[in-house]
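Undergrad: Sequence and predicted model, in that order:
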Amino acid sequence: MPRWRRAALVWLVACQPAAVPDPVRPDDTDDAPVMADTDDTDPPADTDDTDAPADTDPPPPDVTVTLGAEVVCADPAARAFAPLSDPIQGGDWASQPFDPDRQNRFTGGGISAADLDGDGRLDLIRPDVERVRLYLQRAPLEFTDASDGLPDTERANNVVTPVDVDADGDLDLFVGRQAAANRLWINDGHGLFTDGTAASGLDLTADAHTTSAAFADMDLDGDLDLFVANYGDFRDVGRRPGDPKVLWRNRGDGTFEDASGLLPAEVHPGFSFVGGWWDPDRDRWPDVLLVNDFGQDAPNRLIRNAQGALALDPAAGLDVAMQGMGLGVGDLNGDGVDDVAMAGWGAHRLMVSSGGVWFDARGTMLFKSDVARHQLIGWSSEMADLDNDGDLDVAQGYGFVRGEDAFPLQPDEIYRNDGALFTPVGAAWGFENEGNTRGVLAVDLNGDGWLDLLRADMIGPATAQIATCGEDGWLEVSVDDARTLNRRGVGVEIRATAGAQTWSRTIVAGGRSVLSAGPPVAHLGFGMVDVIDTLTVLWPDGEVTVFEDVPTRRAVVVARVR
């Protein structure tokens, strides 16, 4: 039974770009949001104050919501002509060629983003073939190479996941590597890191081929556990299985124990690209969705979590046999259950929920690659509302594999969702990079409420394309949960309603797109909605907090105190 809690709203004059006006305060407007009275069984705290002194203050709320300043677009008409900027490539974003020693398909193909120095701006992390590189955004869209603040690594870095492992409020980094030991780096809060691998208890000496690292509270004990998806040496396909998958359970003191024995044996042979925590049945116990390459040998897998007992669920319809690479997750049809986009070689999948099972809707929703344009090998599937119209779109990266494909130029794509069908708009939006894309990430780099697109290229520089702002409403929600060791709210579901329409997004740490990871925030677009009727926060421990009349076009921070 959900526990409904009383909360309060706090207005904040936030640090915003120069064009952003001061926030509107509650005493200046009648539309300030209020906490919903969601528990009719408990009387309000102030209904009987006969014995209370007249000047006694009410107890402080245990949940607050801080609203940033309203962000106003200076020229929304410009979006009709140029939804995305031309690709921006920093001078320090070096070319990422194939590693000639390993001849692999993906080392150096990831990109991640998070605020690592606490200044409110997103920074960039590049796992490349030589080392992990860090670029801090010291000024708006100006990045400084701060890689010297990272511990040294050897070659062959695949994926970096930002996550607050030690519950101190800042984001640490988990580094997954190719045929080499993984690493856990601890942030000092200012973007300087120390190697915390040994102290964490993670035994990472095995030379696995790690492609995905995702965190969630698997056992609902208030801390973050870790699922590591490993690939293998692709030259062993047909002769040996892929690398085993690994599950690390948090002991509650910031150290981990190997709980891989809980995983079904069938998940280990797959050549896995992405393993993401996911809660499709909304029972709060996070499941794992695994996307595998060479699906004829080991298909994609849904691992159900029944209060800590993990088992495969083939009846769900997600055990798709494909050459799977990327994973995008979100509710496409508004039924309250997340749907799945899976990029692949030759054909990708769009698995849409219906009555507790998922079916392939790529044909009916026109989610198809253009073979005539040589879109043959899909790598990343990033599901996000790129135009803030209230429907989730998909940005997808395409790229060749050296020695196995006759078409080295495969343009990337944006599949724009109109609520029922997808329309390819990559060329019209200037997103048709003809390089060798792997990771694609949708994040708001400049804080204007419109998602920008990052791209990692195996044969050229990483790029960023900045979205042109518009008039549509949006919220970007982050969490500060001082009550648990899951400080940044991984697994928290954010649900918004306006009239008869409902939107939802879940805060995640890794396990999306491919070889890439974003910040722990939930971005929701609403179309021309100025005020959300209710904003509901569903916490992993079962608590539910509801706010009413929340204005859009601003950042929101939800905080729980001890």
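TA: It's in. Numbering: from 1, shown residues only.
Undergrad: which residues in the stretch 301-450 of the chain form helices?
TA: 426-429 (DSSP state H, counting those that start in this stretch).
Undergrad: Likewise for the chain?
TA: 197-200, 426-429 (DSSP state H).
Undergrad: got CSV for the ones you listed, with distance to Leu263 and mean pLDDT too?
TA: Every residue, glycine included, has its C-beta placed from N, CA and C. Shown next, in CSV, are these (distance: least, Cβ to Cβ, whole Å; pLDDT from 0 to 100):
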stretch, distance to Leu263, mean pLDDT
helix 197-200, 20, 93
helix 426-429, 37, 96
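Undergrad: got those helices as JSON lines, with mean neighbour count and distance to Thr437 columns?
TA: Shown next, in JSON lines, are the helices of the chain (neighbours: other Cβ atoms under 10 Å; distance: least, Cβ to Cβ, whole Å):
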{"stretch": "helix 197-200", "mean neighbour count": "16", "distance to Thr437": "30"}
{"stretch": "helix 426-429", "mean neighbour count": "18", "distance to Thr437": "11"}
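Undergrad: Out of those, which gets nearest to Arg133?
TA: helix 197-200 (19.2 Å; Cβ to Cβ).
Undergrad: what helices or strands is that closest one leaning on?
TA: The contact analysis (3 or more Cβ pairs under 8 Å, 6 or more residues apart in numbering; DSSP states H and E) places helix 197-200 against strand 183-187.
Undergrad: Residues touching the strand it packs on, excluding its own?
TA: 116, 150-151, 153, 165-166, 170-175, 177, 193-197, 200, 202, 204 (Cβ atoms under 8 Å, 6 or more residues apart in numbering).
Undergrad: could you dump the helices of the chain to CSV with distance to Glu382?
TA: What follows is the helices of the chain, written out as CSV (distance: least, Cβ to Cβ, whole Å):
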stretch, distance to Glu382
helix 197-200, 29
helix 426-429, 13
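Undergrad: rewinding a little: just the buried residues out of the contacts of strand 183-187, in ChimeraX syntax.
TA: Remark: buried members of the contacts of strand 183-187, expressed as a ChimeraX selection using 16 or more other Cβ atoms under 10 Å:
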select :116,150,151,153,165,166,170,171,172,173,174,175,177,193,195,196,197,200,202,204
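Undergrad: Narrow the contacts of strand 183-187 to those in strands?
TA: Under the assignment DSSP state E, the contacts of strand 183-187 contribute Asp172, Leu173, Phe174, Val175, Arg177, Phe193, Thr194, Asp195 to strands.
Undergrad: close enough to count as contact, the third one and Asn157?
TA: No - counting by Cβ atoms under 8 Å, Phe174 stays clear of Asn157, with 11.4 Å between them.
Undergrad: Now for Glu142, how many residues are close by?
TA: 11 (other Cβ atoms under 10 Å).
Undergrad: show me what contacts Asp387?
TA: Applying Cβ under 8 Å, 6+ apart, the residues contacting Asp387 are Pro83, Asp393, Arg416, Gly470, Asp472, Gly525.
Undergrad: Would you mind measuring from it to Val352?
TA: Look at Asp387 and Val352: by Cβ to Cβ, to the nearest Å, they are 20 Å apart.
Undergrad: so which of the contacts of Asp387 comes closest to Asp448?
TA: Using Cβ to Cβ, Gly470 comes nearest to Asp448 of those, at 9.8 Å.
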